[in-house]
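>>> Predicted model follows, preceded by the sequence.
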Amino acid sequence: MKNSEVQTLFVCGCCKRSLPASAFYINKKTGLPGNYCKECRKTVSRNHRKNEKRSLACDREINYPVITSTEDPTLRRELILHALETVAASIERKRRKVRESEFEYEPDAESRSGSAFESGSELKSELELQLQSKSGPKPELELAD
(Lines give C-alpha, C1' and ligand atoms only; values in the text may rest on other atoms or scores of the structure.)
Protein backbone atom coordinates (compact mmCIF):
# COMPACT_ATOMS: atom_id res chain seq x y z
CA MET A 1 0.00 0.00 0.00
CA LYS A 2 1.31 3.50 -0.87
CA ASN A 3 1.50 6.45 1.56
CA SER A 4 -0.59 8.64 -0.75
CA GLU A 5 -3.54 6.25 -0.46
CA VAL A 6 -3.55 6.30 3.37
CA GLN A 7 -5.60 9.20 4.71
CA THR A 8 -5.79 10.03 8.35
CA LEU A 9 -9.31 10.70 9.54
CA PHE A 10 -10.04 13.11 12.36
CA VAL A 11 -13.25 13.37 14.38
CA CYS A 12 -14.93 16.78 14.64
CA GLY A 13 -15.60 17.78 18.25
CA CYS A 14 -18.90 19.42 17.29
CA CYS A 15 -20.63 17.24 14.72
CA LYS A 16 -18.72 14.00 15.61
CA ARG A 17 -18.09 13.10 11.95
CA SER A 18 -14.88 11.44 10.80
CA LEU A 19 -13.34 13.69 8.15
CA PRO A 20 -9.97 13.94 6.38
CA ALA A 21 -7.40 16.49 7.54
CA SER A 22 -8.29 18.78 4.61
CA ALA A 23 -11.72 19.40 6.21
CA PHE A 24 -10.06 21.04 9.25
CA TYR A 25 -8.20 24.31 9.69
CA ILE A 26 -4.55 23.71 10.57
CA ASN A 27 -3.20 25.30 13.75
CA LYS A 28 -0.10 27.33 12.78
CA LYS A 29 1.63 26.80 16.12
CA THR A 30 1.25 23.05 16.39
CA GLY A 31 0.78 22.12 12.72
CA LEU A 32 -2.15 19.88 13.69
CA PRO A 33 -5.79 20.15 12.63
CA GLY A 34 -8.17 21.99 14.95
CA ASN A 35 -10.88 20.34 17.05
CA TYR A 36 -13.82 21.50 14.87
CA CYS A 37 -14.21 20.95 11.13
CA LYS A 38 -14.33 23.99 8.83
CA GLU A 39 -18.14 23.96 8.55
CA CYS A 40 -18.69 23.78 12.31
CA ARG A 41 -16.00 26.42 12.99
CA LYS A 42 -17.74 28.84 10.57
CA THR A 43 -21.15 28.21 12.15
CA VAL A 44 -19.85 28.67 15.69
CA SER A 45 -17.99 31.85 14.73
CA ARG A 46 -21.04 33.36 13.00
CA ASN A 47 -23.28 32.60 15.99
CA HIS A 48 -20.73 34.05 18.41
CA ARG A 49 -20.39 37.28 16.40
CA LYS A 50 -24.18 37.70 16.19
CA ASN A 51 -24.65 37.10 19.91
CA GLU A 52 -21.75 39.40 20.80
CA LYS A 53 -23.20 42.26 18.73
CA ARG A 54 -26.60 41.81 20.34
CA SER A 55 -25.19 41.74 23.85
CA LEU A 56 -23.05 44.83 23.24
CA ALA A 57 -26.03 46.74 21.85
CA CYS A 58 -28.34 45.75 24.71
CA ASP A 59 -25.90 46.08 27.61
CA ARG A 60 -24.55 49.48 26.62
CA GLU A 61 -25.81 52.27 28.84
CA ILE A 62 -25.98 55.80 27.53
CA ASN A 63 -24.03 58.01 29.92
CA TYR A 64 -24.57 61.23 28.00
CA PRO A 65 -27.60 62.93 26.47
CA VAL A 66 -28.11 62.28 22.77
CA ILE A 67 -28.91 65.53 20.97
CA THR A 68 -30.94 63.94 18.19
CA SER A 69 -33.19 62.04 20.59
CA THR A 70 -33.93 65.07 22.81
CA GLU A 71 -37.49 66.34 22.36
CA ASP A 72 -37.24 69.55 24.40
CA PRO A 73 -36.11 72.36 22.03
CA THR A 74 -34.45 74.47 24.73
CA LEU A 75 -32.49 71.54 26.08
CA ARG A 76 -31.53 70.58 22.53
CA ARG A 77 -30.31 74.15 21.87
CA GLU A 78 -28.24 74.09 25.08
CA LEU A 79 -26.71 70.74 24.14
CA ILE A 80 -25.82 71.99 20.66
CA LEU A 81 -24.24 75.17 22.03
CA HIS A 82 -22.25 73.18 24.57
CA ALA A 83 -21.04 70.81 21.83
CA LEU A 84 -19.98 73.78 19.68
CA GLU A 85 -18.08 75.34 22.58
CA THR A 86 -16.32 72.06 23.27
CA VAL A 87 -15.30 71.66 19.63
CA ALA A 88 -14.11 75.29 19.43
CA ALA A 89 -12.02 74.85 22.58
CA SER A 90 -10.50 71.67 21.19
CA ILE A 91 -9.60 73.39 17.92
CA GLU A 92 -8.04 76.31 19.81
CA ARG A 93 -5.94 73.92 21.94
CA LYS A 94 -4.73 72.19 18.78
CA ARG A 95 -3.82 75.50 17.12
CA ARG A 96 -1.98 76.68 20.24
CA LYS A 97 -0.04 73.43 20.35
CA VAL A 98 0.96 73.81 16.69
CA ARG A 99 2.05 77.43 17.27
CA GLU A 100 4.10 76.43 20.31
CA SER A 101 5.80 73.64 18.38
CA GLU A 102 6.73 76.17 15.66
CA PHE A 103 8.29 78.50 18.25
CA GLU A 104 10.32 75.70 19.85
CA TYR A 105 12.88 75.98 17.07
CA GLU A 106 13.69 79.61 17.97
CA PRO A 107 16.60 79.95 20.45
CA ASP A 108 14.82 82.27 22.93
CA ALA A 109 11.32 80.83 22.63
CA GLU A 110 11.22 79.75 26.28
CA SER A 111 12.12 83.22 27.59
CA ARG A 112 9.35 84.95 25.64
CA SER A 113 6.24 85.32 27.75
CA GLY A 114 3.93 86.99 25.22
CA SER A 115 1.01 85.50 23.40
CA ALA A 116 1.34 83.77 20.07
CA PHE A 117 -0.40 86.72 18.40
CA GLU A 118 2.40 89.26 18.96
CA SER A 119 3.08 91.45 15.98
CA GLY A 120 6.41 91.55 14.19
CA SER A 121 7.36 94.99 15.59
CA GLU A 122 6.79 93.79 19.17
CA LEU A 123 9.05 90.81 18.50
CA LYS A 124 11.74 93.08 17.05
CA SER A 125 11.70 95.39 20.06
CA GLU A 126 11.80 92.44 22.44
CA LEU A 127 14.79 90.94 20.61
CA GLU A 128 16.56 94.30 20.65
CA LEU A 129 16.05 94.58 24.41
CA GLN A 130 17.43 91.08 24.92
CA LEU A 131 20.50 91.88 22.81
CA GLN A 132 21.14 95.10 24.73
CA SER A 133 20.78 93.43 28.11
CA LYS A 134 23.22 90.67 27.17
CA SER A 135 25.99 92.74 25.66
CA GLY A 136 25.47 96.23 27.05
CA PRO A 137 24.42 99.34 25.08
CA LYS A 138 25.24 99.11 21.38
CA PRO A 139 24.26 101.08 18.35
CA GLU A 140 20.76 100.30 17.12
CA LEU A 141 20.65 97.18 14.96
CA GLU A 142 18.21 96.63 12.17
CA LEU A 143 16.68 93.17 12.17
CA ALA A 144 15.41 91.71 8.92
CA ASP A 145 11.91 90.23 8.78
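Done, it's in.
>>> And the strands in the protein?
For the chain, the strands defined by DSSP state E cover 9-11, 18-20, 24-26, 33-37.
>>> What residues sit buried inside the first one?
The reference is to strand 9-11. Residues of strand 9-11 classed as buried: F10 (neighbour count, 16 or more other Cβ atoms under 10 Å). (Each C-beta comes from the backbone N, C-alpha and C, glycine too.)
>>> So what are the sheet partners of that strand and their directions?
strand 18-20 (antiparallel) (DSSP bridges).
>>> I'd like the mean pLDDT over the strand it pairs with, please.
Strand 18-20 carries an average pLDDT of 94.
>>> Poorly predicted segments of this protein, please.
Within the chain, the stretches with pLDDT under 70 are 1-6, 55-62, 105-145.
>>> the domain parsing of this structure - what is it?
7-58, 62-104 (the TED database).
>>> and among those domains, the most buried is which?
domain 7-58 (a mean of 12; mean count of other Cβ atoms under 10 Å).
>>> Who are the contact partners of the residue nearest to P33 when sequence neighbours are not counted?
In space, and not counting its chain neighbours, P33 is closest to F24: 3.4 Å by Cβ to Cβ, 6 or more residues apart in numbering. For F24, the contacting residues are F10, C12, P33, G34, Y36, C37, K38, by Cβ atoms under 8 Å, 6 or more residues apart in numbering.
>>> again with L79
If you count contacts by Cβ under 8 Å, 6+ apart, then L79 has P65, I67, T70 around it.
>>> can you do 6 Å?
I67 (Cβ atoms under 6 Å, 6 or more residues apart in numbering).
>>> separation between it and T68?
Look at L79 and T68: by Cβ to Cβ, to the nearest Å, they are 10 Å apart.
>>> what sits in contact with each of the two?
By Cβ under 6 Å, 6+ apart, no residue touches both L79 and T68.
>>> still on that earlier bit, reformat the contacts of F24 as a markdown table; add distance to A89.
Output for the contacts of F24, formatted as a markdown table (distance: Cβ to Cβ, whole Å):
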| residue | distance to A89 |
| --- | --- |
| F10 | 61 |
| C12 | 58 |
| P33 | 57 |
| G34 | 52 |
| Y36 | 53 |
| C37 | 56 |
| K38 | 53 |
